[in-house]
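Student: here you go, sequence then predicted model.
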Amino acid sequence: MSGLAVRGAASRATGWVVATDGLTQPWAVQKQRNVSKGAPAWVRTVAVWAESAHREVHQVLCDDRRTLLWLANQRAVEFHVPFLRVGSRESTGLVLDLDPPDGADFAAVVAVARLARRALEEVGLAGAVKTSGSSGLHVVVPVHGSPVEDVAAATRALARRTAELDPAVATTAFLKEEREGRVFVDSTRSGTGTVVAAYSPRVRPGLPVSAPVDWADLDAARPGGVTVTSSPPLPDWAALLPEPQELPADLVAEGHTIPVARVQAMHEGKRRARQRRASEGG
């Protein structure tokens, strides 16, 4: 499985999550992007500007098995990769991240994944599906020929189209209180965002794995059904992914008319805060 995991992360700036042993004590989690100064010389890195830290960091390029093992020895458990290869501004894919409400049956997420597949088919696209390793699913669409801004826009359009197919079960509402028990179709991980890599463990009890699933087997998939210690034979993620596709121009144009969910939620939060302060002052 290590070879399959490396294939998905190769030539991409990898972020990772380190954790203590959750078997004997609660998980202590820390997200990492900057490689440690004591890293071996053979660990390849790339300089990336970290907007949140306002500085340049050096991220690992997990291009081979020994780099993967070195990261594991640093207590890295979880691996996150972008849809950008080093040195390119052209996205290699997009993802619809399907996030169920707390306590929801997994069948609800599966139903929304099938809605996403239908939305893709209606615009002539195809995708593959994997578990998130947590409670949801990722529908991934390989693309080519588009800059990150257009890929992010197309993802927003696809998310809205998916939710509109059945608004009773799916929503694009970024604020949890507005989802009303529906599955969240998250479009914010495309563009310059990251997604947990296929075959990556997750920092969760039992160490579940983000596992590729054939569409035909999706009804039998379960969150936590594949773990580090109890993994059945898994399909080759690269074989499940369709060939990279060109995004329809009308889909991209539609997406550019849709506000970015995080930004929209931030403005809404500020508006509500102002309204609350005004109400309290009155």
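Tutor: The structure has been received and is ready for your questions.

Student: can you map out the strands along the chain?
Tutor: 13-19, 29-32, 45-50, 55-61, 76-82, 93-99, 128-131, 137-142, 170-171, 183-186, 194-196, 212-213 (DSSP state E).

Student: the spatially most central residue of the chain bridge partners, please.
Tutor: Central residue of the chain (C-alpha atoms, centre = their mean): Val195, 2.8 Å from the mean position. Note on Val195: beta-bridge partners by DSSP bridges are Val81.

Student: how close does it get to Thr227?
Tutor: 20 Å (C-beta to C-beta, to the nearest Å). Every C-beta, even on glycine, is put in place using the N, C-alpha and C of the backbone.

Student: low-confidence ranges in the stretch 151-282 of the chain?
Tutor: Applying pLDDT under 70 to the stretch 151-282 of the chain flags the ranges 261-277, 281-282.

Student: if you set the cut-off to 90 instead, what comes out?
Tutor: 175-177, 189-194, 201, 203-207, 222-225, 228-234, 260-282 (pLDDT under 90).

Student: thinking again about what came up before, for the strands of the chain, give me a markdown table that also has distance to Leu158.
Tutor: Formatted as a markdown table, those follow (distance: least, C-beta to C-beta, whole Å):
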| stretch | distance to Leu158 |
| --- | --- |
| strand 13-19 | 24 |
| strand 29-32 | 27 |
| strand 45-50 | 27 |
| strand 55-61 | 28 |
| strand 76-82 | 18 |
| strand 93-99 | 6 |
| strand 128-131 | 14 |
| strand 137-142 | 8 |
| strand 170-171 | 12 |
| strand 183-186 | 8 |
| strand 194-196 | 15 |
| strand 212-213 | 19 |
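
Student: least reliable of those strands going by mean pLDDT?
Tutor: Among those, strand 29-32 carries the lowest mean pLDDT, a mean of 61.

Student: from Glu121, how far off is Trp215?
Tutor: From Trp215 across to Glu121, the span is 11 Å (C-beta to C-beta).

Student: what about these two, which has more around it?
Tutor: Trp215 (15 against 11; other C-beta atoms under 10 Å).

Student: any idea how far the more buried one is from Leu137?
Tutor: Trp215 sits 11 Å away from Leu137, going by C-beta to C-beta.

Student: and what of Gln59?
Tutor: Distance from Gln59 to Leu137, by C-beta to C-beta: 26 Å.

Student: ok, and what's touching stretch 160-168?
Tutor: For stretch 160-168, contacts defined as C-beta atoms under 8 Å, 6 or more residues apart in numbering pick out 96, 111-112, 115-116, 118-119, 122-123, 170-172, 182, 185, 258.

Student: got the buried residues for it?
Tutor: Across stretch 160-168, burial judged by 16 or more other C-beta atoms under 10 Å covers 160-163.

Student: dump the residue contacts of Val139.
Tutor: 95-96, 98, 113, 116-117, 120, 127-129.

Student: cutoff 10 Å now
Tutor: 94-98, 112-117, 119-120, 127-130, 158, 162, 185, 215 (C-beta atoms under 10 Å, 6 or more residues apart in numbering).

Student: now a ChimeraX select for only the buried ones of these.
Tutor: With 16+ other C-beta under 10 Å as the criterion, this ChimeraX line picks the buried residues out of the contacts of Val139:
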select :94,95,96,97,98,112,113,114,115,116,117,119,120,127,128,129,130,158,162,185
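
Student: start and end of stretch 163-178, how far apart?
Tutor: Distance across stretch 163-178, first residue to last, is 14 Å (C-alpha to C-alpha, to the nearest Å).

Student: chain center to stretch 158-173, what's the gap?
Tutor: 18 Å (C-alpha atoms, centre = their mean, to the nearest Å).

Student: again, but for stretch 145-153
Tutor: Stretch 145-153 sits 16 Å away from the centroid of its parent chain (C-alpha atoms, centre = their mean).

Student: repeat that for stretch 186-201.
Tutor: Counting by C-alpha atoms, centre = their mean, stretch 186-201 comes out at 2 Å from the chain centroid.

Student: and it, how far apart are its ends?
Tutor: End-to-end for stretch 186-201, by C-alpha to C-alpha: 21 Å.

Student: so which bits of that stretch are buried?
Tutor: Across stretch 186-201, burial judged by 16+ other C-beta under 10 Å covers 186-191, 193-201.

Student: how about the helices of the chain, start to end?
Tutor: Taking DSSP state H as the criterion, the chain contains helices spanning 2-9, 65-73, 106-122, 148-165, 237-240, 249-256, 261-281.
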